[in-house]
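Trainee: Any chance you can model this:
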Amino acid sequence: MTRMSLPLKPQPQISMKKLLICTDGSNYSQEACHYAAWLSQQSGASIKVLYVTDIRQFEVPAIADFSGSLGIQPYDGLVSQMQEMELHKARFIEEHAMAIFEAAGLSAKATFYRETGLLTDVIDEYSAGVDLILLGKRGENANFATQHLGSMLERVVRASKQPCLVTSRAFKPIKNIAIAYDGGSSCRKALQFIIGNEYLCALKLHLITVTEGGHEDQAAATLSQAEAVAKAAGLSPSCQLLGGIVETAISEYIAEAQIDLLVAGAYGHSRIRELFIGSTTTELLRRCLVPVLCFR
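Mentor: Take a look at the predicted model:
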């Protein structure tokens, strides 16, 4: 039986006034700053850059062991040295991040914040009132673990009420956007976000739906529904019904169509909307060399 979706209607313009970047100083985080600068130049949004010193590095068992063998004073000295090194690292990260915004003429719009703890514990406070969260696909150990995603990535995306832009290794101005669409609530939200932003809806839009093991008629109807909404908003999307394994079909289309940004729902019941539940997510993010904008 065909699943019925709620009707879609064009929504009023969506403003993007505040951006939040979660950085760890990695190359991927630096590219997130470049994407934030580009978005700010389009929308006029202010930018918050958040660096969280992971408190766990001062509590590892190896350091605790030193306190017994070396005595409490050498232990305190070691922790003090680590804290001083971390302070220098935070300053280094701030300088490099702010240099990107200064070069883009956005110094007045960007503010750097530093916290100590865990990112997942402080992000709610900093993301309040934010329209978009940006974070790198991989962390500071990316060069040593090239197939692994950032350790906090999935937890942040799962917990976030705001859309999350997971950025790739190298910044590239966005000209072509693809929405992986299946008619679910998160995908409808994603579509409304794109067509509701003046500077995003002016870009070339691709609507793609993947069907596995039949159900082509239902998938085609879902795709037509999204196309109708986009056209009602004045867009002329390129629509593609793909077959095969979801992550393979999408990643291949991204490469062939020279897509600069993939937009997808992050939760749901179909395989597209379950990107951040199973291995499909990891595989898709590994294969796609473009940023992924995720909606719950």
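Trainee: how about the helices in the stretch 101-250 of the chain?
Mentor: In the stretch 101-250 of the chain, helices defined by DSSP state H, counting those that start in this stretch lie at 119-127, 153-159, 185-196, 198-201, 216-232, 246-256, listed in chain order.
Trainee: where along the stretch 51-200 of the chain do the strands fall?
Mentor: 110-117, 132-136, 164-167, 176-180 (DSSP state E, counting those that start in this stretch).
Trainee: Out of the helices of the stretch 101-250 of the chain, which one sits most buried?
Mentor: helix 185-196 (a mean of 21; mean count of other Cβ atoms under 10 Å). To be clear about C-beta, it is placed using only N, CA and C from the backbone, and glycine gets the same treatment.
Trainee: before we move on, the earlier item: export the strands of the stretch 51-200 of the chain to CSV and tack on mean neighbour count, mean pLDDT and distance to residue 97?
Mentor: Putting those into CSV (neighbours: other Cβ atoms under 10 Å; pLDDT from 0 to 100; distance: least, Cβ to Cβ, whole Å) gives the following:
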stretch, mean neighbour count, mean pLDDT, distance to residue 97
strand 110-117, 16, 94, 6
strand 132-136, 26, 94, 12
strand 164-167, 25, 92, 13
strand 176-180, 23, 95, 26
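Trainee: Quick one, which of these gets closest to residue 154.
Mentor: Evaluated over the strands of the stretch 51-200 of the chain, closeness to residue 154 peaks at strand 164-167, with 9.9 Å, by Cβ to Cβ.
Trainee: Restricting to C-alpha, output the closest one in CSV.
Mentor: Output in CSV follows, covering the C-alpha atoms of strand 164-167 (Å, rounded to 0.1, in the frame of the first residue of the first chain):
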residue,chain,number,x,y,z
CYS,A,164,23.9,20.3,10.9
LEU,A,165,26.2,20.9,8.0
VAL,A,166,29.0,18.2,8.1
THR,A,167,31.8,19.8,6.0
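Trainee: and it, how far from the chain's centre?
Mentor: 1 Å (Cα atoms, centre = their mean, to the nearest Å).
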